[in-house]
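# sequence? don't have it. structure:
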């Protein structure tokens, strides 16, 4: 189940909120690997430090961003964390389980606010099944808010279907530093956010009543899990997030996962994962923004290629037809056509973090990001 390696840190690299890169020389091997440490869990690293690594996913070529993960220093124990309030245990019953202060813990300054909180008061909640949708949703939302001349406070509610530490996401750090996200709230087994919550429900209530968010975006962290089957995908939980938003009196907005470049038929146009999460799992009505892909340059697989209006028209027709299955008379949701043209492309290019999904950037799969962006546009429209 686990492939272990030991080694010595030869160089410390980039640092961002909660994470530190390092280059580690492996014992008994004439090579180094790129490693990632979470100092809050394993202590600080410096050249010469001896470390224990989990290289399982690296060996298998799976999605850890190409990192070996530092499990512990073996030459020095980090000091105990100072006494602090909080009794929520995350990553429970794993060797690196961590105790954090829950936003609604009895010791939390927000406990009284959240003790009887039960209503989002109509707050729009954009739900997406991939972490890569987050900056695109925000680009659309910010463009729409700017058009209306209104300020916008946004909370990112991170679920535990992907990476558990929010620290793994450079996007969250970059978006927060740029002022695009006002707070990251980690829910379930996920941890490391600005606020910690037990469930998506308490995460959403914290977004509304503690952060004072106008808009919340719910998505798993980086590194989704999938088996190539209808139900074996961590993003199916997007449907449950729609339910949570609806039950709490929010306005669920279901962001479609769309691709014009994916070679897999099940992901071309609207991904089968969106159709499952929103069509089968989501039991409360949601708004489903559908991108109107028109007036765009290049092709759906390459914005820099010669213009191919017919290819864009074919993709737009496919997306519209697929999304229609989520709406009446057979579906429970309401679709909304939202323009997704050159102006929205320009908004996406203002993202302070790199846009990338399944290894493809904006120019290589623009429909993926436009579909997420229109969800942000529509959500801001609900604010009035």
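It's in. Keep in mind that this is a model prediction, so the values were computed, not measured.
# show me where the chain has helices.
Assigned helices in the chain, in chain order: 39-42, 56-60, 111-115, 133-148, 170-177, 200-209, 238-247, 272-276, 309-324, 342-348, 366-381 (criterion: DSSP state H).
# where among those is the average confidence lowest?
For the helices of the chain, mean pLDDT drops lowest on helix 56-60, to a mean of 86.
# which secondary element of the chain has the worst mean pLDDT?
Least confident helix or strand of the chain, by mean pLDDT, DSSP states H and E, is helix 56-60 with a mean of 86.
# what about the stretch 51-200 of the chain, any weak spots by pLDDT?
The model of the stretch 51-200 of the chain has pLDDT under 70 over residues 63-65.
# For the helices of the chain, could you give me TSV that also reports mean neighbour count and distance to residue 104?
For the C-beta atoms, the positions are set from N, CA and C on the backbone; glycine is no exception. Output for the helices of the chain, formatted as TSV (neighbours: other Cβ atoms under 10 Å; distance: least, Cβ to Cβ, whole Å):
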stretch	mean neighbour count	distance to residue 104
helix 39-42	18	22
helix 56-60	15	33
helix 111-115	14	4
helix 133-148	24	24
helix 170-177	20	22
helix 200-209	26	6
helix 238-247	24	15
helix 272-276	22	31
helix 309-324	17	36
helix 342-348	18	35
helix 366-381	29	25
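# Which of the ones you listed sits closest to residue 31?
Nearest to residue 31, of all the helices of the chain, is helix 56-60, at 12.0 Å by Cβ to Cβ.
# picking that back up, JSON lines for the helices of the chain, including distance to residue 183?
Putting those into JSON lines (distance: least, Cβ to Cβ, whole Å) gives the following:
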{"stretch": "helix 39-42", "distance to residue 183": "18"}
{"stretch": "helix 56-60", "distance to residue 183": "29"}
{"stretch": "helix 111-115", "distance to residue 183": "14"}
{"stretch": "helix 133-148", "distance to residue 183": "13"}
{"stretch": "helix 170-177", "distance to residue 183": "8"}
{"stretch": "helix 200-209", "distance to residue 183": "7"}
{"stretch": "helix 238-247", "distance to residue 183": "17"}
{"stretch": "helix 272-276", "distance to residue 183": "26"}
{"stretch": "helix 309-324", "distance to residue 183": "31"}
{"stretch": "helix 342-348", "distance to residue 183": "22"}
{"stretch": "helix 366-381", "distance to residue 183": "17"}
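# So for residue 157, which of these sits nearest?
helix 200-209 (4.3 Å).
# Quick check: the gap between the closest residue to residue 308 other than its chain neighbours and residue 309.
Sequence neighbours aside, residue 299 is the residue nearest to residue 308 in space, at 4.5 Å (criterion: Cβ to Cβ, 6 or more residues apart in numbering). Counting by Cβ to Cβ, to the nearest Å, the gap from residue 299 to residue 309 is 10 Å.
# my read: residue 40 touches residue 18, true?
Yes - counting by Cβ atoms under 8 Å, residue 18 is a contact partner of residue 40 at 6.2 Å.
# which residues do these two both contact?
The contact sets of residue 40 and residue 18 overlap at 167, 192 (Cβ atoms under 8 Å, 6 or more residues apart in numbering).
# Please name the residues that touch residue 382.
122, 124, 251, 253, 287 are the contacts of residue 382 under Cβ under 8 Å, 6+ apart.
# Would you list the phi and psi of it?
phi -70, psi -20 (degrees, to the nearest 10).
# And the residue nearest the centre of the chain?
Closest residue to the average C-alpha location of the chain: residue 131 at 2.5 Å, with Cα atoms, centre = their mean.
# what's the distance between residue 25 and residue 96?
Residue 25 is 23 Å from residue 96, by Cβ to Cβ.
# Next, the contact list for the nearest residue to residue 281 once chain neighbours are set aside, please.
Nearest residue to residue 281 in three dimensions, chain neighbours excluded: residue 239, at 2.6 Å (Cβ to Cβ, 6+ apart). Contacts for residue 239 (Cβ under 8 Å, 6+ apart) come out as 276-278, 280-283.
# Which of those residues are buried, as a ChimeraX select command?
One line in ChimeraX is enough to select the buried ones among the contacts of residue 239; burial here means 16 or more other Cβ atoms under 10 Å:
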select :276,277,278,281,282
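# And the furthest pair within the contacts of residue 239?
Going by Cβ to Cβ, the pair spanning the contacts of residue 239 furthest: 276 and 283, at 13.2 Å.
# can you give me how far the least confident helix or strand of the chain is from the chain middle?
23 Å (Cα atoms, centre = their mean, to the nearest Å).
# Stretch 375-383 too?
18 Å.
# swap in stretch 24-42?
Per Cα atoms, centre = their mean, the centroid offset for stretch 24-42 relative to its chain is 26 Å.
# So which bits of it are buried?
Buried, per 16+ other Cβ under 10 Å, within stretch 24-42: 24, 26, 32-38, 40-42.
# residues in contact with residue 268?
Per Cβ under 8 Å, 6+ apart, neighbours of residue 268: 259-260, 262, 318.
# rewinding a little: quick one: the residue nearest to the centre of the chain and residue 234 touch, right?
No - using Cβ under 8 Å, residue 131 is not in contact with residue 234, being 10.5 Å away.
# what residues do the two have in common as contacts?
162, 220, 224.
# Just read off the phi/psi values of the nearest residue to the second one once chain neighbours are set aside.
The shortest distance from residue 220 to any residue that is not its chain neighbour, by Cβ to Cβ, 6+ apart, is 3.6 Å, and that residue is residue 161. Reported as degrees, to the nearest 10, the phi and psi values for residue 161 are phi -80, psi -20.
# hang on, residue 161 packs against residue 237?
Yes - between residue 161 and residue 237 there is a contact under Cβ under 8 Å: 5.3 Å.
# of the two, who's got more company?
Shown here are residue 161 and residue 237; by other Cβ atoms under 10 Å, residue 161 has more neighbours (25 against 22).
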